[in-house]
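Novice: What follows is a predicted structure for the sequence shown.
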Amino acid sequence: MFQLSEEIKGAGSIGISGHIRPDGDCVGSCMALYLYLKKCTGPETEVSVYLEQPADIFAQIADISEIKQPDAATMPPDVFFALDCESSRLGKAERLFDGAGRRINIDHHISNSGCGTVNVIDPTASSTSELVYRLLDKDRIDTEIAKALYIGIIHDTGVFQYSNTSPETLRIAADLVSHGFDFSGLIQETFYEKTYVQNQIMGRALLESILFLHGRGIVSVVDRKVMDFYNAAPQDLDGIASLLKNTRGVECAIFMYETDAMVYKVSMRSSDRVDVAQIASYFGGGGHKKAAGCTMTGTFHDVVNNLSLHIERQLEEA
Ligand code: AMP
Ligand code: MN
Ligand code: MN
């Protein structure tokens, strides 16, 4: 049985990090654990959180300005937490994880087999934030910690809509809300609200989307020219894949954007009949059954053809 207080006992330094291009669950779980450990350890323990610059919407999370760049650390810490990913997706923080005395991996991705000396991997959990909640002493959760966990949960469940939402998720959310923050505003400002430019790109991606496999698949792409035109960052594209999946009749949606010439970051969203984690893993990525991603090279048509073969095979088998 994993006991957080036992795992960090005697540590002079603790590091926390999550995946590259951090999403709400990644930022929420890392910041919640950071706030909690700062509060629950003494002056002899230095706690640090390392992440790529989170999107502006997460500015509401307490002490978010204390996030450090991995380059800032000279020595790996005694204990390192990798959240919401396996170590290969930690980016620059990977070397700190690899060098740490005790490596703890907390994640809910089905594709993660555990890369720590201690692993808390549960693919049935809605989010890493839900897993972090389970590990904390409930009496020591305060409003700021609750807010960070709540943000993580709403982002990974699409505000309690996706099928990863369980009765347990809702009970946890109820407990978090009892801390008395403005949850309604938090949902609006961090999940639904988009900038004008984000909405424009989203509209364009929908407008230019293409159906395939007789309407059971849909794909849209944003190339570098468009990214440059709108001066868009990858974070500006969040939510487009899910929106494409909302098309009636579609069992699998593919959204991709060009990161380099002929290199695409691919996001997939699916219904019960397609396991996109399996497809993404085949192409070197990973994720969940109904939401996964990978990076692929080739022309747009190469990428779509390769993915479409796998989707079609799964639909035939279903
Ligand atoms: P995304 O499409 O980027 O929103 O990702 C959907 C889900 O798949 C998220 O849970 C990601 O963490 C996961 N995921 C995306 N890309 C990768 C990758 N290259 N490797 C492993 N997991 C990924
Ligand atoms: Mn994530
Ligand atoms: Mn997650």
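Specialist: Ah, there it is. Ligands and ions are numbered 1, 2, ... in the order given.

Novice: After the host helix or strand of residue 226, which helix or strand is next? Please name it.
Specialist: Using DSSP states H and E, residue 226 falls within helix 224-230. For helix 224-230, the following helix or strand on the C-terminal side (DSSP H and E) is helix 240-245.

Novice: Just after that next one, pick out the following helix or strand.
Specialist: strand 252-260.

Novice: ok, and the closest non-adjacent residue to residue 180?
Specialist: Nearest non-adjacent residue to residue 180, counting by CB to CB, 6 or more residues apart in numbering: residue 143, 6.4 Å away. For glycine as for every other residue, the C-beta is placed from the backbone atoms N, C-alpha and C.

Novice: before we move on, what about residue 125?
Specialist: residue 108 (4.3 Å).

Novice: Could I get the contacting residues of that neighbour?
Specialist: Neighbouring residues of residue 108 by CB atoms under 8 Å, 6 or more residues apart in numbering: 84, 121-128, 130-131, 288.

Novice: Now the buried members of these.
Specialist: 84, 121, 125-128, 130-131, 288 (16 or more other CB atoms under 10 Å).

Novice: could those be laid out in JSON lines, adding pLDDT and distance to ligand 2?
Specialist: Output for the buried ones among the contacts of residue 108, formatted as JSON lines (pLDDT from 0 to 100; distance: CB to the ion, whole Å):
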{"residue": "84", "pLDDT": "98", "distance to ligand 2": "4"}
{"residue": "121", "pLDDT": "98", "distance to ligand 2": "14"}
{"residue": "125", "pLDDT": "98", "distance to ligand 2": "12"}
{"residue": "126", "pLDDT": "98", "distance to ligand 2": "12"}
{"residue": "127", "pLDDT": "98", "distance to ligand 2": "8"}
{"residue": "128", "pLDDT": "98", "distance to ligand 2": "7"}
{"residue": "130", "pLDDT": "98", "distance to ligand 2": "12"}
{"residue": "131", "pLDDT": "98", "distance to ligand 2": "12"}
{"residue": "288", "pLDDT": "93", "distance to ligand 2": "10"}
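
Novice: Mind checking which of those land in strands?
Specialist: Mapping these onto strands (DSSP state E) picks out residue 121.

Novice: how near is the residue nearest to residue 125 to ligand 2?
Specialist: 9 Å (CB to the ion, to the nearest Å).

Novice: residues contacting residue 224?
Specialist: The neighbours of residue 224, taking CB under 8 Å, 6+ apart as the test, are 258, 260-261.

Novice: out of the residues you listed, who's nearest residue 165?
Specialist: residue 258 (32.8 Å; CB to CB).

Novice: That closest one is in contact with residue 228, isn't it?
Specialist: No - counting by CB atoms under 8 Å, residue 258 stays clear of residue 228, with 10.2 Å between them.

Novice: With neighbour numbers in mind, choose between those two.
Specialist: Set residue 258 next to residue 228 and count neighbours by other CB atoms under 10 Å: residue 258 wins out with 17 against 9.

Novice: Now do the end-to-end distance for stretch 17-26.
Specialist: For stretch 17-26, the first-to-last residue distance is 8 Å (CA to CA, to the nearest Å).

Novice: And ligand 2, is it touching that?
Specialist: Yes - residues of stretch 17-26 contacting ligand 2 under CB under 5 Å from the ion: 23, 25-26.

Novice: Redo these as a markdown table? Include neighbour count, pLDDT and secondary structure.
Specialist: Shown next, in a markdown table, are those (neighbours: other CB atoms under 10 Å; pLDDT from 0 to 100; DSSP: H, G, I helix; E, B strand; the rest coil):
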| residue | neighbour count | pLDDT | secondary structure |
| --- | --- | --- | --- |
| 23 | 19 | 96 | coil |
| 25 | 28 | 98 | helix |
| 26 | 28 | 98 | helix |
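
Novice: Good, wrapping up.
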